[in-house]
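J.: Next input, structure requested:
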Amino acid sequence: MKPGPRNLITDVPGIKVGNATDARIKTGTTVLIGDQPMTAAVHVMGGAPGTRETELLAPDKLVQQVEAICLSGGSAFGLDAAGGVMEALRDLGRGFEVAGLRVPIVPGAIIFDLANGGDKTWITSPYFALGKAATGAAAEDFAIGTAGAGTGATTKNWKGGLGSASLVLSNGITVGALVVVNPLGSVTVDGGPHFWAAPFEQAGEFGSKGVAQAYAAEEPRPGKQQGEATTIAIIATDAALTQAQCQRLATAAHDGMARAIVPSHTPFDGDLVFAVSTGAKPLPDPMADPFTLGHAAATVLARAIARAVYEATPEPGDRQPCYRSRHG
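T.: Numbers count the residues shown, from 1 in each chain. Okay, here's the model as predicted:
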(Lines give C-alpha, C1' and ligand atoms only; values in the text may rest on other atoms or scores of the structure.)
Protein backbone atom coordinates (compact mmCIF):
# COMPACT_ATOMS: atom_id res chain seq x y z
CA MET A 1 0.00 0.00 0.00
CA LYS A 2 1.27 3.46 -0.88
CA PRO A 3 -0.22 6.98 -0.80
CA GLY A 4 -1.98 8.32 -3.87
CA PRO A 5 -0.56 11.26 -5.85
CA ARG A 6 -2.11 13.94 -3.61
CA ASN A 7 -2.12 11.95 -0.35
CA LEU A 8 -5.68 13.28 0.08
CA ILE A 9 -9.09 11.63 0.14
CA THR A 10 -9.63 13.07 -3.34
CA ASP A 11 -7.21 10.47 -4.70
CA VAL A 12 -10.41 8.40 -4.77
CA PRO A 13 -11.69 9.26 -8.27
CA GLY A 14 -15.04 11.01 -8.40
CA ILE A 15 -14.76 12.82 -5.05
CA LYS A 16 -14.16 16.49 -4.30
CA VAL A 17 -13.74 18.39 -1.03
CA GLY A 18 -14.51 22.03 -0.29
CA ASN A 19 -13.56 24.19 2.69
CA ALA A 20 -15.04 27.41 4.02
CA THR A 21 -13.48 29.28 6.93
CA ASP A 22 -14.37 32.20 9.19
CA ALA A 23 -11.11 33.24 10.85
CA ARG A 24 -12.78 35.79 13.14
CA ILE A 25 -15.08 33.18 14.65
CA LYS A 26 -12.34 30.52 14.43
CA THR A 27 -14.61 27.99 12.78
CA GLY A 28 -15.47 26.53 9.43
CA THR A 29 -17.11 23.83 7.37
CA THR A 30 -15.83 21.08 5.12
CA VAL A 31 -17.94 19.17 2.60
CA LEU A 32 -17.17 15.98 0.67
CA ILE A 33 -19.15 15.70 -2.57
CA GLY A 34 -19.37 12.84 -5.03
CA ASP A 35 -19.56 13.46 -8.76
CA GLN A 36 -22.43 10.94 -8.54
CA PRO A 37 -24.47 9.77 -5.53
CA MET A 38 -22.40 7.64 -3.15
CA THR A 39 -23.34 4.62 -1.07
CA ALA A 40 -22.82 5.67 2.54
CA ALA A 41 -22.93 4.45 6.13
CA VAL A 42 -21.81 5.62 9.55
CA HIS A 43 -20.56 4.15 12.81
CA VAL A 44 -20.63 6.12 16.08
CA MET A 45 -18.39 5.15 19.00
CA GLY A 46 -18.17 8.39 20.99
CA GLY A 47 -20.53 9.15 23.81
CA ALA A 48 -21.51 12.69 22.77
CA PRO A 49 -22.19 12.85 19.01
CA GLY A 50 -23.78 15.75 17.17
CA THR A 51 -25.25 14.55 13.88
CA ARG A 52 -27.79 15.06 11.12
CA GLU A 53 -29.42 12.43 8.86
CA THR A 54 -27.39 9.55 10.27
CA GLU A 55 -30.39 7.31 11.00
CA LEU A 56 -31.13 6.97 7.28
CA LEU A 57 -27.66 5.48 6.72
CA ALA A 58 -28.64 2.18 8.31
CA PRO A 59 -28.72 -0.68 5.77
CA ASP A 60 -32.46 -1.27 6.30
CA LYS A 61 -33.49 2.30 5.44
CA LEU A 62 -34.97 3.47 2.12
CA VAL A 63 -32.22 5.85 0.99
CA GLN A 64 -29.00 4.00 0.19
CA GLN A 65 -27.00 6.86 -1.35
CA VAL A 66 -26.06 10.44 -0.49
CA GLU A 67 -24.92 13.45 -2.49
CA ALA A 68 -22.47 14.78 0.09
CA ILE A 69 -21.33 14.63 3.70
CA CYS A 70 -20.84 17.79 5.72
CA LEU A 71 -18.38 18.21 8.61
CA SER A 72 -18.54 21.44 10.58
CA GLY A 73 -17.49 23.35 13.61
CA GLY A 74 -20.04 25.18 15.71
CA SER A 75 -21.41 22.46 17.95
CA ALA A 76 -25.20 22.14 17.36
CA PHE A 77 -25.19 25.47 15.52
CA GLY A 78 -22.94 23.86 12.92
CA LEU A 79 -25.64 21.41 11.86
CA ASP A 80 -27.07 24.33 9.86
CA ALA A 81 -24.13 23.98 7.46
CA ALA A 82 -25.66 20.92 5.82
CA GLY A 83 -28.66 23.06 4.87
CA GLY A 84 -26.37 25.36 2.93
CA VAL A 85 -24.85 22.34 1.19
CA MET A 86 -28.34 21.11 0.30
CA GLU A 87 -29.33 24.45 -1.20
CA ALA A 88 -26.18 24.63 -3.32
CA LEU A 89 -26.65 21.06 -4.56
CA ARG A 90 -30.33 21.62 -5.34
CA ASP A 91 -29.32 24.61 -7.48
CA LEU A 92 -27.15 22.15 -9.44
CA GLY A 93 -30.07 19.78 -9.96
CA ARG A 94 -28.71 17.21 -7.53
CA GLY A 95 -30.76 15.14 -5.10
CA PHE A 96 -33.13 12.27 -4.40
CA GLU A 97 -36.15 12.60 -6.67
CA VAL A 98 -39.52 12.59 -4.91
CA ALA A 99 -42.86 14.07 -6.05
CA GLY A 100 -41.12 15.76 -8.95
CA LEU A 101 -38.65 17.54 -6.69
CA ARG A 102 -34.99 17.04 -5.92
CA VAL A 103 -33.98 16.61 -2.27
CA PRO A 104 -30.20 16.41 -1.76
CA ILE A 105 -29.34 13.93 1.00
CA VAL A 106 -26.53 15.43 3.08
CA PRO A 107 -25.69 13.72 6.39
CA GLY A 108 -23.47 15.71 8.69
CA ALA A 109 -21.60 15.84 11.97
CA ILE A 110 -20.12 18.61 14.11
CA ILE A 111 -17.33 19.32 16.55
CA PHE A 112 -17.43 21.62 19.56
CA ASP A 113 -15.23 24.66 18.87
CA LEU A 114 -17.13 27.34 20.81
CA ALA A 115 -14.41 27.87 23.45
CA ASN A 116 -11.35 28.35 21.23
CA GLY A 117 -10.87 32.10 21.48
CA GLY A 118 -12.89 33.14 18.44
CA ASP A 119 -15.67 35.73 18.43
CA LYS A 120 -18.94 33.84 18.93
CA THR A 121 -21.22 36.89 19.28
CA TRP A 122 -22.92 36.42 15.91
CA ILE A 123 -26.56 37.49 15.55
CA THR A 124 -27.36 35.03 12.75
CA SER A 125 -25.72 31.62 12.60
CA PRO A 126 -22.92 31.68 10.00
CA TYR A 127 -23.04 27.98 9.26
CA PHE A 128 -25.67 27.86 6.49
CA ALA A 129 -23.56 30.31 4.49
CA LEU A 130 -20.37 28.39 5.31
CA GLY A 131 -21.93 25.17 4.03
CA LYS A 132 -22.96 26.83 0.79
CA ALA A 133 -19.51 28.38 0.34
CA ALA A 134 -17.75 25.08 1.03
CA THR A 135 -19.84 23.42 -1.66
CA GLY A 136 -18.87 26.09 -4.17
CA ALA A 137 -15.19 25.57 -3.30
CA ALA A 138 -15.21 21.80 -3.82
CA ALA A 139 -12.17 20.59 -5.76
CA GLU A 140 -9.64 17.77 -5.92
CA ASP A 141 -7.01 19.91 -4.16
CA PHE A 142 -7.83 21.44 -0.79
CA ALA A 143 -6.05 22.71 2.29
CA ILE A 144 -5.55 20.68 5.46
CA GLY A 145 -4.46 21.80 8.93
CA THR A 146 -6.10 25.08 9.98
CA ALA A 147 -8.79 24.98 7.33
CA GLY A 148 -12.49 24.31 6.93
CA ALA A 149 -14.09 22.41 9.79
CA GLY A 150 -10.68 22.08 11.43
CA THR A 151 -10.12 25.83 11.74
CA GLY A 152 -11.02 26.00 15.42
CA ALA A 153 -10.19 22.45 16.46
CA THR A 154 -8.05 21.68 19.52
CA THR A 155 -6.59 18.59 21.23
CA LYS A 156 -5.31 17.88 24.72
CA ASN A 157 -1.88 19.39 23.97
CA TRP A 158 -1.95 21.02 20.56
CA LYS A 159 -4.05 22.92 18.13
CA GLY A 160 -6.10 20.43 16.11
CA GLY A 161 -7.18 20.67 12.51
CA LEU A 162 -8.37 19.06 9.30
CA GLY A 163 -6.43 16.04 8.07
CA SER A 164 -6.44 13.77 5.06
CA ALA A 165 -4.44 10.88 3.61
CA SER A 166 -4.79 8.13 1.03
CA LEU A 167 -3.64 4.63 0.15
CA VAL A 168 -3.64 2.77 -3.15
CA LEU A 169 -3.85 -1.00 -2.68
CA SER A 170 -2.08 -3.60 -4.78
CA ASN A 171 -5.43 -4.49 -6.42
CA GLY A 172 -5.78 -0.88 -7.67
CA ILE A 173 -8.48 0.16 -5.19
CA THR A 174 -7.99 3.51 -3.42
CA VAL A 175 -8.95 4.30 0.17
CA GLY A 176 -8.84 7.83 1.58
CA ALA A 177 -9.59 9.55 4.88
CA LEU A 178 -10.80 13.02 5.81
CA VAL A 179 -10.91 13.94 9.50
CA VAL A 180 -11.54 16.85 11.86
CA VAL A 181 -9.31 16.33 14.91
CA ASN A 182 -10.75 17.87 18.08
CA PRO A 183 -10.38 15.19 20.77
CA LEU A 184 -10.26 15.26 24.54
CA GLY A 185 -7.21 13.01 24.28
CA SER A 186 -3.72 13.50 22.86
CA VAL A 187 -2.27 12.70 19.43
CA THR A 188 1.32 12.68 20.75
CA VAL A 189 3.02 10.66 23.46
CA ASP A 190 3.21 12.77 26.64
CA GLY A 191 2.74 15.88 24.52
CA GLY A 192 6.19 15.37 23.00
CA PRO A 193 7.25 15.08 19.37
CA HIS A 194 6.26 11.44 18.84
CA PHE A 195 2.85 10.86 17.29
CA TRP A 196 0.88 7.84 18.42
CA ALA A 197 0.35 7.19 14.70
CA ALA A 198 4.12 7.11 14.00
CA PRO A 199 4.28 3.39 13.06
CA PHE A 200 2.02 4.11 10.08
CA GLU A 201 3.72 7.26 8.75
CA GLN A 202 4.48 7.39 5.02
CA ALA A 203 7.25 9.49 3.44
CA GLY A 204 7.69 11.90 6.35
CA GLU A 205 4.12 13.16 6.07
CA PHE A 206 4.06 14.30 9.70
CA GLY A 207 7.67 15.07 10.47
CA SER A 208 9.53 11.73 10.60
CA LYS A 209 9.95 11.95 14.37
CA GLY A 210 9.81 8.18 14.71
CA VAL A 211 8.32 6.08 17.45
CA ALA A 212 8.77 6.84 21.15
CA GLN A 213 11.39 4.49 22.57
CA ALA A 214 9.63 4.09 25.90
CA TYR A 215 6.31 5.04 27.35
CA ALA A 216 5.39 4.77 31.01
CA ALA A 217 1.61 4.38 31.10
CA GLU A 218 -0.09 6.95 33.27
CA GLU A 219 -3.73 7.41 34.15
CA PRO A 220 -5.02 9.78 31.44
CA ARG A 221 -6.39 13.17 32.41
CA PRO A 222 -8.34 15.37 30.02
CA GLY A 223 -6.50 18.45 28.81
CA LYS A 224 -9.68 20.29 27.81
CA GLN A 225 -13.03 20.79 29.45
CA GLN A 226 -15.23 17.74 29.18
CA GLY A 227 -17.85 18.34 26.53
CA GLU A 228 -15.48 20.33 24.28
CA ALA A 229 -14.36 17.39 22.18
CA THR A 230 -15.06 15.16 19.18
CA THR A 231 -13.21 13.67 16.22
CA ILE A 232 -15.29 13.16 13.07
CA ALA A 233 -14.08 11.41 9.94
CA ILE A 234 -14.99 10.16 6.47
CA ILE A 235 -13.47 7.10 4.80
CA ALA A 236 -13.94 6.95 1.03
CA THR A 237 -13.17 4.24 -1.50
CA ASP A 238 -13.79 3.49 -5.15
CA ALA A 239 -14.46 -0.16 -4.28
CA ALA A 240 -18.04 -1.21 -5.04
CA LEU A 241 -19.55 -1.76 -1.59
CA THR A 242 -23.06 -2.25 -0.28
CA GLN A 243 -24.33 -0.04 2.51
CA ALA A 244 -23.72 -2.87 4.98
CA GLN A 245 -20.15 -3.21 3.74
CA CYS A 246 -19.67 0.55 4.10
CA GLN A 247 -20.83 0.30 7.69
CA ARG A 248 -18.28 -2.43 8.36
CA LEU A 249 -15.60 -0.25 6.75
CA ALA A 250 -16.52 2.65 9.05
CA THR A 251 -16.40 0.32 12.04
CA ALA A 252 -12.94 -0.97 11.13
CA ALA A 253 -11.67 2.59 10.62
CA HIS A 254 -12.29 3.36 14.29
CA ASP A 255 -9.20 1.24 15.03
CA GLY A 256 -7.17 3.98 13.33
CA MET A 257 -8.71 6.61 15.56
CA ALA A 258 -7.80 4.59 18.64
CA ARG A 259 -4.23 4.15 17.37
CA ALA A 260 -3.75 7.88 16.79
CA ILE A 261 -5.61 9.46 19.75
CA VAL A 262 -5.16 8.40 23.38
CA PRO A 263 -7.71 8.05 24.83
CA SER A 264 -10.37 8.02 22.13
CA HIS A 265 -14.10 7.18 22.08
CA THR A 266 -14.62 8.68 25.54
CA PRO A 267 -18.05 9.50 26.99
CA PHE A 268 -17.31 13.17 26.24
CA ASP A 269 -16.20 12.77 22.59
CA GLY A 270 -18.69 12.43 19.74
CA ASP A 271 -16.32 10.24 17.75
CA LEU A 272 -17.79 8.86 14.53
CA VAL A 273 -16.75 7.68 11.08
CA PHE A 274 -18.73 7.91 7.85
CA ALA A 275 -17.81 5.59 5.00
CA VAL A 276 -18.67 6.22 1.36
CA SER A 277 -18.24 4.17 -1.80
CA THR A 278 -18.30 5.54 -5.34
CA GLY A 279 -18.81 1.98 -6.59
CA ALA A 280 -16.44 2.38 -9.51
CA LYS A 281 -14.41 -0.82 -9.04
CA PRO A 282 -15.77 -4.30 -8.23
CA LEU A 283 -13.87 -6.14 -5.52
CA PRO A 284 -11.43 -8.50 -7.28
CA ASP A 285 -11.65 -10.93 -4.35
CA PRO A 286 -14.98 -10.58 -2.47
CA MET A 287 -13.64 -12.66 0.44
CA ALA A 288 -10.15 -11.27 1.00
CA ASP A 289 -10.54 -7.66 -0.17
CA PRO A 290 -12.93 -6.50 2.60
CA PHE A 291 -10.30 -7.69 5.10
CA THR A 292 -7.65 -5.55 3.38
CA LEU A 293 -10.00 -2.56 3.04
CA GLY A 294 -10.69 -2.51 6.77
CA HIS A 295 -6.99 -2.51 7.57
CA ALA A 296 -6.36 0.22 5.00
CA ALA A 297 -9.17 2.36 6.42
CA ALA A 298 -7.74 2.17 9.94
CA THR A 299 -4.22 2.90 8.71
CA VAL A 300 -5.15 5.85 6.53
CA LEU A 301 -7.30 7.41 9.27
CA ALA A 302 -4.47 7.19 11.82
CA ARG A 303 -2.18 8.99 9.37
CA ALA A 304 -4.78 11.66 8.54
CA ILE A 305 -5.22 12.42 12.25
CA ALA A 306 -1.50 13.02 12.74
CA ARG A 307 -1.34 15.14 9.57
CA ALA A 308 -4.16 17.37 10.84
CA VAL A 309 -2.17 18.35 13.91
CA TYR A 310 1.17 18.50 12.09
CA GLU A 311 -0.22 20.90 9.44
CA ALA A 312 -2.00 23.27 11.86
CA THR A 313 -0.82 26.89 11.64
CA PRO A 314 -0.91 29.69 14.24
CA GLU A 315 -3.61 32.35 14.15
CA PRO A 316 -4.25 35.40 16.38
CA GLY A 317 -6.08 34.50 19.57
CA ASP A 318 -5.12 30.81 19.61
CA ARG A 319 -5.38 29.19 23.02
CA GLN A 320 -3.09 26.28 22.19
CA PRO A 321 0.29 26.02 20.46
CA CYS A 322 0.77 24.49 17.04
CA TYR A 323 2.79 21.28 16.97
CA ARG A 324 5.42 22.65 14.58
CA SER A 325 5.95 25.77 16.65
CA ARG A 326 7.52 23.47 19.25
CA HIS A 327 8.83 20.54 17.24
CA GLY A 328 9.59 21.91 13.78
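J.: need the strands for the protein, in chain order.
T.: With DSSP state E, the ranges of strands along the chain come out as 15-22, 27-44, 51-52, 65-72, 96-98, 101-103, 108-110, 161-168, 174-181, 232-239, 272-281.
J.: just how off-centre is the fourth one within its chain?
T.: Relative to its chain's centre, strand 65-72 lies at 11 Å (Cα atoms, centre = their mean, to the nearest Å).
J.: Listing partners with orientation, what would you give for it?
T.: Using DSSP bridges, the strands paired with strand 65-72 are strand 27-44 (antiparallel), strand 108-110 (parallel).
J.: now do the last one
T.: According to DSSP bridges, strand 272-281 forms sheet pairs with strand 27-44 (antiparallel), strand 232-239 (parallel).
J.: buried residues in that strand?
T.: Neighbour-count burial for strand 272-281, counted by 16 or more other Cβ atoms under 10 Å, picks out 272-279, 281. For the C-beta atoms, the positions are set from N, CA and C on the backbone; glycine is no exception.
J.: Same check on stretch 24-34?
T.: By 16+ other Cβ under 10 Å, the buried positions in stretch 24-34 come out as 25-34.
J.: Could you find the closest non-adjacent residue to Asn157?
T.: Residue nearest to Asn157 in three dimensions, not counting chain neighbours: Gly191, with 4.0 Å by Cβ to Cβ, 6 or more residues apart in numbering.
J.: Please report the distance of that neighbour from Val309.
T.: From Gly191 over to Val309 the distance is 11 Å, taken as Cβ to Cβ, to the nearest Å.
J.: Tell me which of those two has more neighbours.
T.: More crowded of Gly191 and Val309, by other Cβ atoms under 10 Å: Val309, with 30 against 16.
J.: check contacts around the more buried one.
T.: Under the criterion of Cβ atoms under 8 Å, 6 or more residues apart in numbering, the contact partners of Val309 comprise 155, 158-161, 163, 181, 187-188, 195, 206, 323.
J.: got a markdown table for the residues you listed, with pLDDT, neighbour count and distance to Pro263 too?
T.: Formatted as a markdown table, the entries for the contacts of Val309 read as follows, by pLDDT from 0 to 100; neighbours: other Cβ atoms under 10 Å; distance: Cβ to Cβ, whole Å:
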| residue | pLDDT | neighbour count | distance to Pro263 |
| --- | --- | --- | --- |
| Thr155 | 93 | 28 | 12 |
| Trp158 | 92 | 26 | 16 |
| Lys159 | 94 | 28 | 19 |
| Gly160 | 95 | 32 | 16 |
| Gly161 | 97 | 32 | 20 |
| Gly163 | 98 | 34 | 19 |
| Val181 | 97 | 30 | 14 |
| Val187 | 94 | 29 | 11 |
| Thr188 | 93 | 27 | 14 |
| Phe195 | 93 | 30 | 15 |
| Phe206 | 91 | 25 | 20 |
| Tyr323 | 92 | 29 | 19 |
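J.: Now intersect the residues you listed with the helices, please.
T.: Within the contacts of Val309, membership in helices is found for Tyr323, as judged by DSSP state H.
J.: okay, the contacts of Val309 in a markdown table with distance to Ala147 next?
T.: Formatted as a markdown table, the contacts of Val309 follow (distance: Cβ to Cβ, whole Å):
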| residue | distance to Ala147 |
| --- | --- |
| Thr155 | 16 |
| Trp158 | 16 |
| Lys159 | 12 |
| Gly160 | 11 |
| Gly161 | 7 |
| Gly163 | 10 |
| Val181 | 12 |
| Val187 | 17 |
| Thr188 | 21 |
| Phe195 | 20 |
| Phe206 | 16 |
| Tyr323 | 15 |
